[in-house]
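Engineer: using only what follows, build the 3D model:
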Amino acid sequence: MGKDRITFLMGNYRPAAIKCRKGGVRLDMVFAGRLPEGFKKASDVWQSVPNTIEGYTIVEDAPPPLTEEDVANFVKACNEMREIAPKSRRHECNVLATWPGGK
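Structural biologist: Residues are numbered from 1 along each chain as shown. Predicted coordinates for the structure are as follows:
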């Protein structure tokens with residue numbers, strides 16, 4: 001995916017990505033329903049996953065805070081992708097991403 005980017009995949013769907021940018025890091029995430037405060041609209045997302053919207057924010061020091069509702073909307077979008085992904089064309093990812101302990 002490139003040296004300046006980490007992309008999280010769920011089948012053919014990309015619920016999140018982190019990209020290096022001058023002046024900060026761009027965080028892209030997909031949410032169900034609405035974008036959290038501090039995120040700008042990047043695009044409407046896949047027709048096969050209704051009621052989702054992709055947003056981004058530029059992180060300089062710390063990302064904007066996400067409310068419990070924001071997190072639930074991200075999880076909802078991911079769960080919808082997970083249900084649809086097995087029905088879409090096969091996509092293999094050779095990266096195993098794990099969150100560092102204690103974070």
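Engineer: SS state for Thr7?
Structural biologist: strand (DSSP: H, G, I helix; E, B strand; the rest coil).
Engineer: tell me the spacing between the residue positioned nearest the centre of the chain and Ile6.
Structural biologist: Nearest to the mean C-alpha position of the chain, by C-alpha atoms, centre = their mean, lies Ala16 at 2.0 Å. Separation of Ala16 from Ile6 (C-beta to C-beta, to the nearest Å): 9 Å. From N, CA and C alone the C-beta is placed, and that goes for glycine too.
Engineer: same check, this time on Asp70
Structural biologist: 20 Å.
Engineer: which one of these two has more residues nearby?
Structural biologist: The residue with more neighbours, out of Asp70 and Ile6, is Asp70; 20 against 14, by other C-beta atoms under 10 Å.
Engineer: residues contacting that one?
Structural biologist: Asp70 makes contact with Phe31, Pro36, according to C-beta atoms under 8 Å, 6 or more residues apart in numbering.
Engineer: one more time with 6 Å, if that's ok
Structural biologist: Pro36 (C-beta atoms under 6 Å, 6 or more residues apart in numbering).
Engineer: pretty sure it is in a helix, no?
Structural biologist: Yes - the assignment for Asp70 is a helix, going by three-state DSSP.
Engineer: for the helix or strand bottoming out on mean pLDDT in the chain, buried residues please.
Structural biologist: When each helix and strand of the chain is scored by mean pLDDT, DSSP states H and E, strand 5-10 comes last, with a mean of 82. Of all the residues in strand 5-10, those buried under the rule 16 or more other C-beta atoms under 10 Å are Thr7, Phe8, Leu9, Met10.
Engineer: cool, thanks, talk later.
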